[in-house]
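Undergrad: Predicted model, plus sequence, below.
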Amino acid sequence: MGYNLLSADLGYPGVAATFAAGMVVVAGLWVRRERPDAPLVRAAMYALLAGSLLATATSLLIPERLAGYAVLAAAVLVAGAVLIPRDYEIAADILCAAAFIGVGTDRINENLAGLFGGRFLLCAACVLTGLATILTGLWFLMGRQSLAVVGFIGGGLVGAVAGLVFLSHGQIPLGVGTIVGGLASAVFGLGVLVDRQPLLGVGGVVGGLACAVFGLGFLVDRQLLLGVGGVVGALAGAVFGCGWLVGRQLLLGVGGIVGGLACAVVGLGFLVDRKFLGGAGIAGLGLAVGAYGVLLLTEAGAGRRLGAWLRTQRGLPPVEAAATAVSGDTAAAAAPTLPTSIESGQQNTRPTRRRSRRGRRS
């Protein structure tokens, strides 16, 4: 009722949208207080995600000038679903799934009409890549390994075919980047299938190389945001790959934060070009990857190391030494006062007895 009053009667659609977004956030925080295994929690998450999917589909059917509002509604519903779980890793999985599904849907929408034109092979490859991206998002949501294998390996091979088509059309940077990125996705999917971190590392490094090719190509075309995002993504891929190759969780965390920043810049570039669904999906993916990076850094003890370094720069003793000193002072203050014979090293074998009233009278 408040939404209808603000939007229709008073003519404030922006205020009404803000009010609706606030209601979704409050509802998510209210459900968050319930038990994690309660049926209400599961039903609320599914309802919000279904509403987000409906808003995403609506953005593809309405005019472009209204598509941004539908994408914004989908983002708000996803945010409400992300706020419900208490486990931050589950929340990051939900956000990552929504981002992959949004990006895949955008790829399908942009190339579906080309299937009936003169670019059948290229558009078909892009549509299949979008389907693989959606399957990857469902893997984050459902946890089934078969979806990840089909998404990464199948999407990578189809992407390599799309790269060959780009090369045949004279689009050299886009073709090379797509081929290298497709191979990286296939190697990464193989690593997920056999559970081998070296393959994941190789996939990350090769994926960083693909991002570098994309970024340089966009910079040559004077698309600044996409180019900078590609270059930063190349750095993130290299750090990710090295982290998997050497087995260092700290590098994986740093790579996650850098990769999240790269996706945010690329998503901003898409939004500037009025590609709302793809931009929102890539920006959401950046937020999810950055959240994974923060979780990995926390598990690796980066916060404790940073705190120790800051204490050293301030001239304070390390935390362990300070804790030892404090515990020693506390123990000394709490220790009981010993008899003089014990303090001097002699054992007092005579117990102290109180004199009776009769003895005191005598």
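TA: Perfect, thanks for sending it.
Undergrad: And the strands in the stretch 51-200 of the chain, which stretches?
TA: With DSSP state E, counting those that start in this stretch as the criterion, the stretch 51-200 of the chain has no strands.
Undergrad: Show me where it has its helices.
TA: Here the stretch 51-200 of the chain has its helices, by DSSP state H, counting those that start in this stretch, at 64-83, 88-112, 120-142, 145-149, 155-168, 172-194, 197-220.
Undergrad: Kindly report the same for the stretch 251-362 of the chain.
TA: 276-299, 302-313, 319-334, 340-343, 357-361.
Undergrad: averaging pLDDT over each of the helices of the stretch 51-200 of the chain, which comes out lowest?
TA: Among these, helix 145-149 carries the lowest mean pLDDT, a mean of 83.
Undergrad: Go ahead and name everything in contact with that helix.
TA: Helix 145-149 is contacted from outside by 135-136, 138-139, 189, 192-193, using C-beta atoms under 8 Å, 6 or more residues apart in numbering. All C-beta spots, glycine's among them, are computed from the backbone N, C-alpha and C.
Undergrad: Nearest to Arg304 among those?
TA: Val192 (30.9 Å; C-beta to C-beta).
Undergrad: So that closest one sits against Ala186, correct?
TA: No: at 10.8 Å, Val192 does not count as touching Ala186 under the criterion of C-beta atoms under 8 Å.
Undergrad: Specify which residue of these two has the higher count of neighbours.
TA: Ala186 (21 against 18; other C-beta atoms under 10 Å).
Undergrad: Am I right that that one is in contact with Val158?
TA: No: at 9.8 Å, Ala186 does not count as touching Val158 under the criterion of C-beta under 8 Å.
Undergrad: so where's the stretch 251-362 of the chain shaky on pLDDT?
TA: Scanning the stretch 251-362 of the chain for pLDDT under 70 picks out the ranges 318-362.
Undergrad: repeat that with 50
TA: 322-327, 329-362 (pLDDT under 50).
Undergrad: one step back: list the residues that contact both of Val192 and Ala186?
TA: Common neighbours of Val192 and Ala186 (C-beta under 8 Å, 6+ apart) are Phe152.
Undergrad: neighbours of Arg222, just the number please.
TA: 7.
Undergrad: again with the one 10 residues further on
TA: Val232 sits with 21 neighbouring residues when counted by other C-beta under 10 Å.
Undergrad: same question, Gly177
TA: 25.
Undergrad: which residues does it contact?
TA: Counted by C-beta under 8 Å, 6+ apart, Gly177 has contacts 163, 210-211, 213-214, 217.
Undergrad: One more: Gly207?
TA: Going by C-beta under 8 Å, 6+ apart, the list of residues near Gly207 reads 181, 184-185, 188, 237, 240-241.
Undergrad: For Cys263, see how far away the one residue sitting closest to the centre of the chain is.
TA: In the chain, the centroid-proximal residue (C-alpha atoms, centre = their mean) is Ala288; its distance is 1.7 Å. To Cys263, Ala288 is 9 Å away according to C-beta to C-beta, to the nearest Å.
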